[in-house]
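J.: Quick one: sequence plus predicted model below, questions after.
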Amino acid sequence: MGFWNDKRVLVTGGAGFLGSMVVEKIRARGCTHVFVPRSREFNLLVRESIVRLLGAVRPDIIIHLAAVVGGIGANRKHPGRFFYENALMGIQLIEESRRTGVEKFVCVGTICSYPKFTPIPFREEELWNGYPEETNAPYGLAKKMLLAQLQAYRQEYGFNGIYLLPVNLYGPGDNFDLENSHVIPALIRKMVEARLHGEGKVVAWGTGNVSREFLYVEDAAEGIVLAGERYNKPDPVNIGTGQEITIRELVHLIHELTRYDGEILWDSRQPDGQPRRCLDTRRANREFGFVASTGLREGLQKTIRWYESQTFNFALKAGHKMDMVRDAPCALPVSISKKVSKEPLRRGPADPKLGGISLVFPVHNESFIIEQTLRNYIAELEGRVEDLEVIVAEDGSTDDTKGVLERLQNELPIKLFMSDERKGYQEAIRDAISHATKPWLFIVDSDYQFAAIDFWRLEPHRLTHDVILGTKSPRKDPFYRVFLSWGYNFLMRRFFHVPYRDMDTGFRLVRHTVAEEIAPDVKHMWFFTAEFVVRAHYAGYKILEVPVPHYARKIGSTTIFFVSKLLWICVEQFVGILRMSREFKQKGLLSKPVRNAS
């Protein structure tokens, strides 16, 4: 049995940036009793609330991560609050934990507790040899008092409390509020927004000459969990990488990775903070085997992808206007139909027992939006889908799509297949399917009329269905396209006796074996999915329609749907329906409708 299996674990701050990752790792190790208190129910500044919390949870182990934190600006603005609240909640929680017999208390401190002029690398023995850097001394001292308390309680009461000193953290889920964020999220936000809005300058604080060490949040969580399992001594332990970088070097690296080509201006009137930070991490390695595994460049790439996906989703959901790739204007309002489930989405992980997923994009002339589409979908699914591959089938684009994709091939985990000639939508999808290797295909149109997060509306149905269609609810296209789609779906239902309402959707999750069987026969329609759905229906496969939000396209256009071509499109599609109907009648299918829709 693993260390955590039979433990009752209380994680304060467990819903936050670091805490959520710690909780995830503990659960992955077999712990079934993890409790995350929320401040609206248990105020850790109030002793009675702590007593009530410990009485309700009866924890064996407490991991104390809750803190009032911020960057240099927030520390300068709220020194009193930062000292009082961090000291009070920690001191009271440790005391009540001792009184109620908690077996182990893991206290996570801060690197800000070290003296301002600590020799490099910071060794734990130097922690008390001076006063912290002035801008964050109140916060650092408040946290350091908890180390003194734990050591005193161990000496007098035998209380098993350990104290960890993680270096500056960063990663997906960080606080990107410019008012109180730390340096990495602040820089990422400034540069991404400047790029999207076409701004030519970004201001960075200080001189850039000071150095810092940064630890990816997932590595920090791993170190904390390992210490919880293996470390039981009074001495504090550094958690970090042991590698420093100057802020100026960091700014240039983020400048590169965010693809921002503007100018960096340094505001030397703002404070630099502590001159250098770099930890001696040998004790963590020696005592409980911790070594950070994520390099700074890799961690920054993951963080930037995550932030860009969240930024784009925010614009979609709030209806805000923002400039996207190449300064193309984008305002994507949301008006979700009542048919779309209001239940909170369970964003992964995808069930690994059902097999991996190939994320498939057919692409033609989408240079203005394809980069943001790919980054957003990859950020949403990577890490939540255990076995994921991304297939991009480019179809003879005549704009700059090929150039964009060639660049992204070096930045993103995509498998790119390009064509010198336009083969058409059907062939592009068939080509993508032929390259896919996973048991399921998530086939998405590349014009970002569907949000990546809505994949989780489809994913739970893989266990019971073969084809899951994300139906547009409500449809946000121009009137003529809505009318064309309505008429087309109406005729398909009348001719083929099928119950589906949105057979031309661009958001579908399909079992790979079904796609391999059905796709080669699709030949009559431009609307690949509609003909595919009808053929899968008559082949006896289970098909489900799931309402998902749809977003109006504001970037580029789908050229085959120009109004000037509308009559020709209608004629071609009607002829396709007649040909397909004749084929089905010759096979004797239409006289025996199959009832397999859900």
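T.: Happy to help now that I have it. Numbers count the residues shown, from 1 in each chain.
J.: how close does Ala148 sit to Arg123?
T.: Counting by Cβ to Cβ, to the nearest Å, the gap from Ala148 to Arg123 is 18 Å. (Glycine included, C-beta is placed from N, CA and C.)
J.: More neighbours: which of these two?
T.: Arg123 (16 against 11; other Cβ atoms under 10 Å).
J.: A strand includes Glu389, no?
T.: Yes - counting by DSSP: H, G, I helix; E, B strand; the rest coil, Glu389 is part of a strand.
J.: And it, how far from Gly396?
T.: On the measure of Cβ to Cβ, Glu389 and Gly396 end up 23 Å apart.
J.: go on, Thr118?
T.: 60 Å.
J.: Kindly report the same for Asp261.
T.: Distance from Asp261 to Gly396, by Cβ to Cβ: 29 Å.
J.: neighbour count winner among those two?
T.: Gly396 (17 against 11).
J.: show me what contacts the nearest residue to the more buried one once chain neighbours are set aside?
T.: In this structure, Gly396 finds its nearest non-sequential neighbour in Arg422, 3.5 Å apart by Cβ to Cβ, 6 or more residues apart in numbering. Residues in contact with Arg422 (Cβ atoms under 8 Å, 6 or more residues apart in numbering) are 364, 395-396.
J.: beta partners of the closest residue to Leu150 other than its chain neighbours?
T.: Distances taken as Cβ to Cβ, 6+ apart place Gly161 nearest to Leu150, at 3.5 Å, with adjacent residues excluded. Beta-bridge partners for Gly161, by DSSP bridges, are Phe105.
J.: Can you give me the distance of Gly161 to Gln149?
T.: Separation of Gly161 from Gln149 (Cβ to Cβ): 8 Å.
J.: Next up, identify which helix or strand the residue nearest to Gly396 is on.
T.: Arg422 belongs to no helix or strand when elements are defined using DSSP states H and E.
J.: any idea where the strands of the stretch 1-150 of the chain begin and end?
T.: 8-12, 33-35, 61-64, 104-108 (DSSP state E, counting those that start in this stretch).
J.: got the buried residues for the first one?
T.: By that I understand strand 8-12. The neighbour-count check on strand 8-12 (16 or more other Cβ atoms under 10 Å) flags 8-12 as buried.
J.: tell me the contacts of the residue nearest to Asp420 when sequence neighbours are not counted?
T.: Spatial nearest neighbour of Asp420, chain neighbours left out: Gly396 (6.5 Å); criterion: Cβ to Cβ, 6+ apart. Contacts for Gly396 were tallied using Cβ under 8 Å, 6+ apart; they are 364, 419-423.
J.: a markdown table for these, including distance to Glu406?
T.: As requested, these are exported to a markdown table (distance: Cβ to Cβ, whole Å):
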| residue | distance to Glu406 |
| --- | --- |
| His364 | 16 |
| Ser419 | 14 |
| Asp420 | 14 |
| Glu421 | 18 |
| Arg422 | 18 |
| Lys423 | 19 |
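J.: As TSV, those with pLDDT and distance to Asp466 would be great.
T.: Converted to TSV, the contacts of Gly396 look like this (pLDDT from 0 to 100; distance: Cβ to Cβ, whole Å):
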residue	pLDDT	distance to Asp466
His364	86	27
Ser419	88	29
Asp420	88	34
Glu421	87	33
Arg422	84	31
Lys423	80	26
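J.: what's downstream of the helix or strand of the chain with the lowest mean pLDDT, the next helix or strand?
T.: Sorting the helices and strands of the chain by mean pLDDT, DSSP states H and E puts strand 329-331 at the bottom, at a mean of 27. Following strand 329-331 in sequence order, the next helix or strand is strand 357-363 (DSSP H and E).
J.: And that next one, what does it pack against?
T.: helix 370-381, strand 388-394, helix 425-435, strand 440-444 (3 or more Cβ pairs under 8 Å, 6 or more residues apart in numbering; DSSP states H and E).
J.: so which of the ones you listed gets nearest Phe584?
T.: Among the helices and strands packed on strand 357-363, helix 425-435 comes nearest to Phe584, with 18.3 Å by Cβ to Cβ.
J.: could you give the mean pLDDT of that closest one?
T.: The average pLDDT within helix 425-435 is 84.
J.: tell me the angle that helix makes with strand 388-394.
T.: 140 degrees (axes from the mean of the first three to the mean of the last three Cα atoms, to 10 degrees).
J.: how about helix 425-435: buried residues?
T.: 425-433.
J.: and the angle for that helix with strand 440-444?
T.: Using the same axes, to 10 degrees: helix 425-435 against strand 440-444 is 150 degrees.
J.: Packing partners of helix 425-435?
T.: strand 357-363, strand 388-394, strand 415-417, strand 440-444, helix 512-518, helix 528-538.
J.: from the middle of its chain, how far away would the longest one be?
T.: Once both centres are worked out by Cα atoms, centre = their mean, to the nearest Å, helix 528-538 turns out to sit 33 Å from its chain's centre.
J.: any residues touching it, and which ones?
T.: Residues outside helix 528-538 that contact it (Cβ under 8 Å, 6+ apart): 425-426, 429, 466-467, 469, 488-489, 492, 496, 498, 500, 503-506, 508, 514-515, 518-519, 521-525, 543, 576, 580, 584, 589, 594, 596-597.
J.: What's the ChimeraX line that selects buried ones from those?
T.: In ChimeraX, this line selects whichever of the contacts of helix 528-538 come out buried by 16+ other Cβ under 10 Å:
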select :425,426,429,466,467,469,488,489,492,496,498,500,503,504,505,506,508,514,515,518,519,522,524,525,543,576,580,584,589,596
